[in-house]
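1. Sequence and predicted structure, then a few things I'm wondering about:
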Amino acid sequence: MKTKSVIVIGAGVGGMTAAIHLAKQGMHVTVLEKNSHPGGRCDRITRDGHHFDTGPTLLVMPLLYEAEFAALGVPLSEMLELQRVDPTYHLVFDDGSQLALTSDLKDLYEQLEAMEAGSFHAWMRYMQEGSQHYHLGLQKLVYPDFRRAIDFFKPGLLPLLYQVKPLTRHYANMAKYFKNPRLKAAFTFQDVYMGLSPFEAPATFSMMPYTELAHGVWYPKGGMYRLAESLYAVAREAGVDFVFESTVEQVAVDKIKARGVLVDGQLLQADVILANADLPYVYQNLLPPDGEVQSLSRKRFSCSVISFFWGVDQPYPMLQPHTLFLSDDYQANFDTIIKELSLPANPCLYIHAPARLDPSMAPPEQDTLIAIVPVGHLSGNGEQDWGAIRDEARQQVFHRLRTLGIFDLQAHIKFEITFTPLSWRKRYNLVKGSTHGLCHNLTQLGYFRPDFRHRRYRNLYFVGASTRPGTGLPTAMISGRQSARRILADLKI
Ligand SMILES: Cc1cc2nc3c(=O)[nH]c(=O)nc-3n(C[C@H](O)[C@H](O)[C@H](O)COP(=O)(O)OP(=O)(O)OC[C@H]3O[C@@H](n4cnc5c(N)ncnc54)[C@H](O)[C@@H]3O)c2cc1C
């Protein structure tokens with residue numbers, strides 16, 4: 001039988017994972033990537049000996065990575081040298097008080113009880129619920145392939161309505177556990193990873209704080225970009241061809257089939273086209289306009305972030321690997337980001353100091369710092385002044401650092417690189433500059449999330465954050481495996 005060919009548009013984590021699975025089944029796979037290197041949002045900038053992971057900085061859900069690497073035929077332990085980050089986060093509140101989320105239970109007990117009597121026991125109950133949400137969520141919502149509506153709307157899934165609380169708001173559910181709003185914030189802020197506010201996210205997402213403490217937050221030696229490099233090496237080994245600086249301008253289609261893709265005006269043909277570029281972008285920019293474009297434009301998109309990458313001429317050891325400043329105006333913070341698409345007056349923000357975990361991330365006696373400030377995505381009405389918003393965000397970071405006794409950072413910054421929502425759109429073709437793609441609200445999850453296969457063009461498939469199961473690196477690997485499985489099943493390979 002003739003070898004089937006696949007063109008993958010984009011060398012993100014999802015695209016590379018799918019490419020490996022397809023190549024291992026004997027398909028001829030070519031990945032076309034607009035940028036000069038693999039990884040997509042899992043990206044890296046190096047300058048003057050400072051290494052910045054510009055996208056993901058947290059390796060969470062390690063068991064999923066283990067399973068996905070095993071499915072690729074390579075043990076995770078051979079690919080990445082992982083160390084556990086404990087405490088996972090140092091939370092800093094407006095008055096400078098702190099909470100270190102640690103798996104050292106005696107230490108956590110003392111910290112929680114100091115904030116609210118009885119809260120340690122409540123936290124244990126919350127973890128129990130998170131564990132149930134994690135295990136059932138993965139088993140019933142993440143791993144199954146919802147090809148048809150009947151696969152999703154079946155009586156067997158009805159108990160999930162109370163087992164994983166999809167209809168209860170996450171923040172409201174916290175009242176069952178804590179009174180102190182800071183504790184409610186400490187165990188819900190992770191919803192922002194899904195592009196959601198805890199005030200609207202389903203309580204199902206308590207799975208995140210659960211897995212972060214139960215299974216750990218990890219860090220690969222050499223930084224998160226090692227994941228992209230590992231997948232690239234495995235893909236090359238499996239025979240996948242990569243062409244970098246190769247932008248797909250169009251998916252060429254006839255009535256019900258994709259014929260190939262246009263690059264520099266040239267048609268490159270393949271039996272299957274697999275788009276790893278963000279799904280809404282593919283519909284809007286690479287395919288002929290149809291009703292789906294309108295329907296996608298009505299969908300909700302995740303928020304964006306402004307990131308500052310600083311090469312600093314002296315170390316700041318008081319900054320732990322992951323420091324999170326949580327604002328007491330917690331609800332206003334999310335409302336401004338999600339409803340007003342702007343920067344909150346007193347934003348929650350995150351600082352990553354990778355040299356605390358791996359000294360090689362900064363030159364000796366210096367520091368590499370990343371500050372991430374969540375903001376609204378691009379509004380499309382041209383009213384957002386991103387230069388001014390970026391400058392305000394930078395001042396907010398310096399302001400918050402003062403609560404940790406850091407007053408002189410500005411004077412020690414050797415260079416700064418910044419990403420705004422405009423950068424995210426330009427670098428990775430993310431619609432609205434949404435860092436996590438389509439948002440993960442109830443009506444955009446599971447069967448409701450865009451399928452792996454295009455409805456009309458039967459050999460056009462999707463993989464990555466805006467298709468199923470959703471955003472995140474381990475999820476992108478799951479998406480890659482599931483999408484490849486669908487292609488192989490449709491081709492009867
Ligand atoms: C700031 C930030 C922080 C994050 N933090 C975390 C974290 O801590 N932990 C975690 O697990 N996840 C995190 N994520 C999410 C995670 O990075 C993404 O969910 C994941 O990397 C998405 O992978 P993907 O396969 O969807 O593809 P993408 O990474 O989107 O890759 C798609 C590729 O397609 C290419 N492309 C686009 N258009 C074209 C075209 N026309 N022609 C050719 N190529 C094209 C792009 O350049 C890109 O390389 C974070 C994301 C961001 C942005």
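-> In hand now; what should we look at?
2. Quick one: name whatever helix or strand follows the helix or strand Val29 falls within.
-> Following DSSP states H and E, one finds Val29 within strand 28-32. Moving toward the C-terminus from strand 28-32, the next helix or strand (DSSP H and E) is strand 44-47.
3. which outside residues touch that following strand?
-> The contact list for strand 44-47, computed with Cβ atoms under 8 Å, 6 or more residues apart in numbering, reads 51-54, 223, 225, 228, 309, 311, 415, 417. Heads up, the C-betas are built off the backbone N, CA and C, glycines and all.
4. how does it look with 10 Å?
-> 37, 51-55, 222-226, 228-229, 309, 311, 361, 368, 414-415, 417, 419 (Cβ atoms under 10 Å, 6 or more residues apart in numbering).
5. hmm, back to that, can you spell out which helices and strands pack onto the strand holding Val29?
-> strand 5-9, helix 13-24, helix 225-237, strand 241-243, strand 258-263, strand 272-275 (3 or more Cβ pairs under 10 Å, 6 or more residues apart in numbering; DSSP states H and E).
6. which helices and strands does the host helix or strand of Thr368 pack with?
-> Applying DSSP H and E as the criterion places Thr368 in strand 367-375. Under the contact definition 3+ Cβ pairs under 10 Å, 6+ apart, strand 367-375 sits against strand 50-53, strand 304-312, strand 322-325, helix 330-338, strand 349-352, helix 386-402, helix 409-412, strand 413-419.
7. Write out the residues of this protein neighbouring the ligand.
-> Contact residues, the chain versus the ligand (Cβ under 6 Å from any ligand atom): 9-15, 32-35, 40-42, 55-58, 247-248, 276-278, 305, 428-429, 435-436, 464-465, 471-473, 476.
8. and these, which are buried?
-> With burial judged by 16 or more other Cβ atoms under 10 Å, the buried subset of those is 9-15, 32-35, 40-42, 55-58, 248, 276-278, 305, 428-429, 435-436, 464-465, 471-473, 476.
9. which residue sits closest to Thr168, ignoring its sequence neighbours?
-> Nearest residue to Thr168 in three dimensions, chain neighbours excluded: Ala203, at 4.3 Å (Cβ to Cβ, 6 or more residues apart in numbering).
10. hang on, the earlier thing: buried by neighbour count, from the contacts of strand 44-47: which ones?
-> Of the contacts of strand 44-47, these count as buried by 16+ other Cβ under 10 Å: 37, 51-55, 222-226, 228-229, 309, 311, 361, 368, 417, 419.
11. Sheet-wise, list the partners of the strand holding Thr368 with their directions.
-> Sheet pairing for strand 367-375, assigned by DSSP bridges, gives strand 304-312 (antiparallel), strand 349-352 (antiparallel).
12. Ile406 reaches Ala353, doesn't it?
-> No: applying Cβ atoms under 10 Å, one finds Ile406 not in contact with Ala353, separated by 11.3 Å.
13. Now the common contact residues for the two.
-> Counting by Cβ under 10 Å, 6+ apart, the residues touching both Ile406 and Ala353 are 316, 318-319.
14. Quick check: which ranges of this protein have low pLDDT?
-> With pLDDT under 70 as the threshold, the chain has low-confidence stretches at 1.
15. ok so, going back, now the shared contacts of Ile406 and Ala353 as a markdown table including secondary structure and neighbour count?
-> Compiled in a markdown table, the shared contacts of Ile406 and Ala353 are given as follows (DSSP: H, G, I helix; E, B strand; the rest coil; neighbours: other Cβ atoms under 10 Å):
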| residue | secondary structure | neighbour count |
| --- | --- | --- |
| Tyr316 | coil | 19 |
| Met318 | coil | 12 |
| Leu319 | coil | 21 |
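16. and which of those residues is nearest to Ala345?
-> Ranked by distance to Ala345 (Cβ to Cβ), the shared contacts of Ile406 and Ala353 are led by Leu319 at 23.8 Å.
17. Tally up the residues packed near Asp241, please.
-> 15 (other Cβ atoms under 10 Å).
18. try Pro159
-> 11.
19. pretty sure it is touching Gln132, no?
-> No: counting by Cβ under 10 Å, Pro159 sits too far from Gln132 to count as a contact (11.4 Å).
20. burial count for Ile338?
-> 22.
21. What separation do you get for Pro181 and Ile338?
-> Relative to Ile338, Pro181 is positioned 19 Å away (Cβ to Cβ, to the nearest Å).
22. now Thr188
-> Taken as Cβ to Cβ, the span from Thr188 to Ile338 is 14 Å.
23. ditto for Asn346
-> Counting by Cβ to Cβ, the gap from Asn346 to Ile338 is 16 Å.
24. tell me the SS of Leu488?
-> helix (DSSP: H, G, I helix; E, B strand; the rest coil).
25. which stretches of the stretch 51-200 of the chain form helices?
-> 62-71, 76-79, 105-115, 119-136, 149-152, 160-163, 170-173, 181-186 (DSSP state H, counting those that start in this stretch).
26. Which among these is found nearest to Arg300?
-> For these, distance to Arg300 was read as Cβ to Cβ. The smallest value, 16.1 Å, belongs to helix 170-173.
27. buried sites along the closest one?
-> 170-171, 173.
28. higher neighbour count, Ile406 and Ala353?
-> Ala353 (23 against 16).
29. Who's the closest spatial neighbour of the more buried one, skipping the chain neighbours?
-> Using Cβ to Cβ, 6+ apart, the closest residue to Ala353 is Leu319 (4.4 Å).
30. so that neighbour makes contact with Tyr350?
-> No: assessed by Cβ under 10 Å, Leu319 is found out of contact with Tyr350, at 11.3 Å.
31. mind checking how far the residue of the stretch 251-400 of the chain found nearest the ligand is from Pro321?
-> Residue of the stretch 251-400 of the chain nearest the ligand, by Cβ to the nearest ligand atom: Ala277 (3.3 Å). As judged by Cβ to Cβ, Ala277 and Pro321 stand 32 Å apart.
32. Next: Ala149.
-> Using Cβ to Cβ, one obtains 44 Å as the distance from Ala149 to Pro321.
33. again with Ser304
-> Counting by Cβ to Cβ, the gap between Ser304 and Pro321 amounts to 23 Å.
34. the more surrounded of those two?
-> Ser304 (29 against 22).
35. Now do the same contact list for the more buried one.
-> Contacts for Ser304 (Cβ under 10 Å, 6+ apart) come out as 195, 337, 341, 373-378, 386, 419-425, 430, 432-436.
36. Could you check how far the nearest residue to it once chain neighbours are set aside is from Gly195?
-> If the residues on either side of it in the chain are set aside, Ser304 comes closest to Pro421, at 3.9 Å by Cβ to Cβ, 6+ apart. Taking Cβ to Cβ as the measure, Pro421 falls 13 Å from Gly195.
37. list the residues that contact both of those two?
-> What both Pro421 and Gly195 touch, as defined by Cβ under 10 Å, 6+ apart, is the set 303-304, 377, 434-435.
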